[in-house]
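**Student:** whatever this is, show me its structure:
(one chain, ligands or ions: 1)
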Amino acid sequence: MLTIHQFPCLNDNYGYLVHDTTSLQTVAIDTPDADVYLAEAAARDWHISAIWNTHWHPDHAGGNLKIKAATDCQIIGPAGEAEKIPGLDRAVRGGESVPLGDHMARVLDVPGHTLGHIAYHLPQDQVAFVGDAVFALGCGRVFEGTPEMMWRSLRAIKALPPETLLYCAHEYTQANARFAETIEPENDRLQAYIREIDARRARGDWTVPMRLQRELDTNPFLRADQPGLQAAMGCPGDAVATFAEVRGRKDRF
Ligand SMILES: [Zn+2]
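**Tutor:** Residues are numbered from 1 along each chain as shown. Prediction:
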């Protein structure tokens, strides 16, 4: 069995340690803060055996070298930005598999936020670690790629089994919700989701991870292929242009 330990890091990042109770191996998903990761692992008597990086940004790979120095772990990260990942031991691309004990993570190429961004999908466990590719009711800013590239990446995430739990890297949900309701004000599922999000945040609870099915029903960035949304954005029949329009509005929101 896998145990996923989630904890806040930096301002609004989430850290994840994934522990396999059979092999006793532990994977750090990204490394926003080495000290916090090492302390969280030590508190559970877990030894970090590997780091799986999603992309090169410092709030994702900045703790790599310190954790490696403390644990001698293996660092796995995106081949597309290998030279930017500190301490990288194994560069992987979409379609490759990465083991955690008997569990296998399938690597997905999800470029756009950065050019080499990858995600890790564990099909048996119905979870995916998506970094900054997709957030609850949001998606990453398209810093290095194009809207077309990012939309293709979101389609790859949309194609995962809908029961998949998505573990993203930031708690941006409430701000994303304020934006999402301007895009699809008539979406009842979105309104219900927003009420739940606001209640959770009022209690100080997290909104991550999130179920893919719910995002398919409510996340405007994942819904650029919906005719109603395309019409509302003035781009009928064009998912890429619709995605670009929604992304542009969010960037200015
Ligand atoms: Zn990033």
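**Student:** get me the contact residues on the chain for the ion.
**Tutor:** With the criterion set to CB under 5 Å from the ion, the chain comes near the ion through 57, 132. Quick note: C-beta positions are derived from backbone N, CA and C, even for glycine.
**Student:** now with 6 Å, please.
**Tutor:** Residues of the chain lying near the ion by CB under 6 Å from the ion: 55, 57, 60, 113, 132.
**Student:** which two of those residues have the greatest separation?
**Tutor:** 60 and 113 (10.3 Å; CB to CB).
**Student:** touching both of these two, which residues are there?
**Tutor:** Residues touching both residue 60 and residue 113 comprise 131-132, with contact defined as CB atoms under 8 Å, 6 or more residues apart in numbering.
**Student:** in JSON lines, list the residues of the chain next to the ion along with distance to residue 103.
**Tutor:** Below are these laid out as JSON lines (distance: CB to CB, whole Å):
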{"residue": "55", "distance to residue 103": "22"}
{"residue": "57", "distance to residue 103": "26"}
{"residue": "60", "distance to residue 103": "22"}
{"residue": "113", "distance to residue 103": "26"}
{"residue": "132", "distance to residue 103": "23"}
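**Student:** of these, which is the most crowded?
**Tutor:** If you count neighbours using other CB atoms under 10 Å, the busiest of these is residue 55, which has 30 neighbours.
**Student:** surely that one and residue 81 touch.
**Tutor:** Yes - using CB atoms under 8 Å, residue 55 is in contact with residue 81, at 6.6 Å.
**Student:** any residues in contact with both of the two?
**Tutor:** Common neighbours of residue 55 and residue 81 (CB under 8 Å, 6+ apart) are 114, 116.
**Student:** residue nearest the middle of the protein, spatially speaking?
**Tutor:** residue 130 (2.5 Å; CA atoms, centre = their mean).
**Student:** burial count for residue 91?
**Tutor:** Residues near residue 91, counting by other CB under 10 Å: 18.
**Student:** got it, and residue 30?
**Tutor:** Look at residue 30: counted by other CB under 10 Å, it has 28 neighbours.
**Student:** mind listing what it touches?
**Tutor:** Neighbours of residue 30 in contact, by CB under 8 Å, 6+ apart: 15-16, 51-54, 59-61, 131, 169.
**Student:** and the residues you listed, which of them are in strands?
**Tutor:** 15-16, 51-52, 131 (DSSP state E).
**Student:** contacting residues for the residue of the stretch 151-253 of the chain found nearest the ion?
**Tutor:** Nearest residue of the stretch 151-253 of the chain to the ion, counting by CB to the ion: residue 169, 7.2 Å away. By CB under 8 Å, 6+ apart, the residues touching residue 169 are 13-14, 30, 32, 54, 59-60, 130-132.
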